[in-house]
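*Asks:* Could you work out the structure for the sequence below:
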Amino acid sequence: MLLTDDGVSIEARYQPSPGPGTEPSGRLALVVGHGFSGALERPALRRVASAFQQRTAVITFSFRGHGRSGGRSTVGDREVLDLAAAVRWARRLGHRRVATVGFSMGGSVVIRQAALYGKADEIQPLQDVHQGERTGRSPGRTDGVLGSPRDVPGSPGEVTDASAGPTDGAAPDAVVAVSSPARWYYRGTAPMRRLHWAITRPTGRLVSRYGLRTRIDPGGWAVDPLSPVAAAPLIAPTPLLIVHGDRDPYFPLDHPRMLASAADPSTSELWIEPGYGHAETAASPDLLARIADWAAAHA
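*Replies:* Numbering: from 1, shown residues only. Next up is the predicted model:
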């Protein structure tokens, strides 16, 4: 278990590289963020992890409110803290190169986390930033908690020094966003209208808890977090890969195109995948292999 900066326990798993006798410092680690209602033990995420492990080390985890992790889902806001804890864990395990790969909700999280924890400049207090400013700092409910997540005592990779600065070890070396939304509150497809019902209505949250095993924060967002499309231009110089299927039933192609248009063209790529549907469930072995190879080449 990892412990985030706001005190949420996050279940996580490390799968080392298959290369015999290879030290972690010489290998890339992929930190994988699942989609909404996913979890560490879900078959789709395990299949992704297995495919990635054929090429390099992998860390998978359950976002807050999912699986055995604590807390409640904030659907992309405070989840940046969960991802930061996992990236730091990869560094503490010895990996000098770490790439984040996120699917759907996880895609929005990896984009936002790279902007918030990026290498280009220092973190400023979140309360000083407002939505729409090109500062890369979320005005949402992560206020006051961007810091150094700590490992739970007794867990693998336990670290006793919790005094690291806000960006220490949390910045990824490359970012891959798969099936990510570009903007909040999109309801243009039937699956997204159902998802909004599950998130915003008491009955929907009850169904989500017992049917999808996902616990949602009923308080919602006090202030809208920085959106993925607003965060995308703030990731550079960190390489960014945007992957989207032309048959995605949740987010049509204007979402990846908006992200690509907002991102720095010198450090970003857009892959529109023919026949691909949505997120980790639909990702083919070939696509996963190409994503891992891209990360290895760019991180």
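
*Asks:* Go ahead and confirm residue 205 touches residue 219.
*Replies:* No: counting by Cβ atoms under 8 Å, residue 205 sits too far from residue 219 to count as a contact (11.1 Å). Using the backbone N, CA and C atoms, a C-beta is placed for each residue, glycine as well.

*Asks:* which of these two has more neighbours?
*Replies:* residue 205 (20 against 9; other Cβ atoms under 10 Å).

*Asks:* I'd like to know the predicted local confidence at the more buried one, please.
*Replies:* Reported pLDDT at residue 205 in the predicted model: 93.

*Asks:* Buried ones in the helix or strand that contains it, by neighbour count?
*Replies:* Residue 205 is part of helix 202-211, with elements assigned from DSSP states H and E. Judged by neighbour count using 16 or more other Cβ atoms under 10 Å, the buried positions of helix 202-211 are 204, 205, 208.

*Asks:* got it, and stretch 11-31?
*Replies:* Those buried within stretch 11-31 under the rule 16+ other Cβ under 10 Å are 11, 12, 14, 15, 17, 24, 27, 28, 29, 30, 31.

*Asks:* ok, now stretch 262-272?
*Replies:* For stretch 262-272, burial by neighbour count (16+ other Cβ under 10 Å) applies to 262, 263, 268, 270, 271.

*Asks:* From these, which land in strands?
*Replies:* Judged by DSSP state E, the buried residues of stretch 262-272 include 268, 270, 271 as members of strands.

*Asks:* which residues in the stretch 151-299 of the chain form helices?
*Replies:* 190-200, 202-211, 228-231, 254-262, 279-282, 285-298 (DSSP state H, counting those that start in this stretch).

*Asks:* what's the burial count for residue 196?
*Replies:* 15.

*Asks:* pretty sure it contacts residue 187?
*Replies:* Yes: applying Cβ under 8 Å, one finds residue 196 in contact with residue 187, separated by 5.8 Å.

*Asks:* show me where pLDDT drops low in the stretch 51-200 of the chain?
*Replies:* Applying pLDDT under 70 to the stretch 51-200 of the chain flags residues 119-167.

*Asks:* ok, 90 please
*Replies:* Regions of the stretch 51-200 of the chain meeting the criterion pLDDT under 90 cover residues 118-168.

*Asks:* residue ranges of the strands in it, please?
*Replies:* Listed in chain order, the strands of the stretch 51-200 of the chain (DSSP state E, counting those that start in this stretch) span residues 57-61, 97-103, 150-151, 174-178.

*Asks:* do you know which of those strands lies nearest residue 72?
*Replies:* strand 57-61 (16.0 Å; Cβ to Cβ).
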